[in-house]
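[1] here are the coordinates; sequence isn't available:
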């Protein structure tokens, strides 16, 4: 066979191999997206630890595909975290250019409670599973650290020296407080928000006392 023809056949074989590889990669990525989406839906509906069968049915993928993914739950948790962040990043990134720190704090409180309401089922599930997953535990620590930092950057320097005030505000604005009000005390979102605002207001009213 002439060298030119042999080269053409070789290039065609390489293209076929690459196309097959790319096709498998695309199918794998599609399956992963379906599985992550299914897990998020099931968790939102109250299934904190969905079974492989439930995920397979919701994602409309084969059970074996789900089992393969479930062998690397850390990767799935990481993908879920990214998807959840995308749901709330526009709320978190809102402006706090108020007239004073009190206005900025009020805006931050409103946004934080909006985020809590959006992510509540996912965060409740993550709280329950965090000691079984390095990804979830590290993510929890990152979130708490970020929430504390966002609060502290809004407060005047003299207030940062009041340890009891800072700790009280952090507790009042924590997800644990929101979860307590919404799920344990069965308050609606508006009622729970009013309670948090009252606690924050009461704490700030002690300034100078």
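    Structure received. Just so it is clear, the model here is predicted, and its values are computed rather than measured.

[2] any idea of the mean pLDDT in stretch 191-206?
    For stretch 191-206, mean pLDDT rounds to 95.

[3] Can you report phi and psi for the residue nearest to residue 112 when sequence neighbours are not counted?
    Computed as CB to CB, 6 or more residues apart in numbering, the closest residue to residue 112 that is not its neighbour in sequence is residue 173, at 6.0 Å. For glycine as for every other residue, the C-beta is placed from the backbone atoms N, C-alpha and C. Residue 173 adopts backbone torsions of phi -100, psi 10, taken as degrees, to the nearest 10.

[4] Which residues are in contact with residue 173?
    Residues near residue 173 by CB atoms under 8 Å, 6 or more residues apart in numbering: 109, 112, 147, 151, 196, 200.

[5] please redo it, this time with the cut-off set to 7 Å
    Taking CB atoms under 7 Å, 6 or more residues apart in numbering, we find residue 173 in contact with 109, 112, 151, 196.

[6] Could you do residue 102 as well?
    For residue 102, counting by CB under 7 Å, 6+ apart, there are no contacting residues.

[7] What average pLDDT does the helix or strand hosting it get?
    Residue 102 is located in helix 101-129, with elements delineated by DSSP states H and E. Helix 101-129 carries an average pLDDT of 92.

[8] and the gap between residue 183 and residue 140?
    Counting by CB to CB, to the nearest Å, the separation of residue 183 from residue 140 is 18 Å.

[9] between the two, who's got more neighbours?
    residue 140 (18 against 13; other CB atoms under 10 Å).

[10] and the nearest residue to the more buried one once chain neighbours are set aside, how many residues sit next to it?
    Using CB to CB, 6+ apart and skipping the chain neighbours, the partner closest in space to residue 140 is residue 130 (5.0 Å). Neighbours of residue 130 under the rule other CB under 10 Å: 18.

[11] Please verify my assumption that residue 130 contacts residue 138.
    No. Between residue 130 and residue 138 there is no contact under CB atoms under 7 Å: 9.0 Å.

[12] hey, where'd the helices end up in this protein?
    3-44, 52-59, 63-70, 73-92, 101-129, 134-154, 157-160, 163-172, 175-179, 189-204 (DSSP state H).

[13] Mean pLDDT lowest where, among those helices?
    Taking the mean pLDDT of the helices of the chain, helix 3-44 comes last: a mean of 70.

[14] Report the contact partners of residue 105.
    Contacts of residue 105 (CB under 7 Å, 6+ apart): residue 154.

[15] ok, so what distance separates it from residue 159?
    To residue 159, residue 105 is 10 Å away according to CB to CB.

[16] Please parse this protein into its domains.
    Structural domains assigned to the chain are 3-70, 97-204, following automatic domain parsing.

[17] okay if I get those as JSON lines plus distance to residue 91?
    Converted to JSON lines, the domains of the chain look like this (distance: least, CB to CB, whole Å):
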{"stretch": "domain 3-70", "distance to residue 91": "17"}
{"stretch": "domain 97-204", "distance to residue 91": "5"}
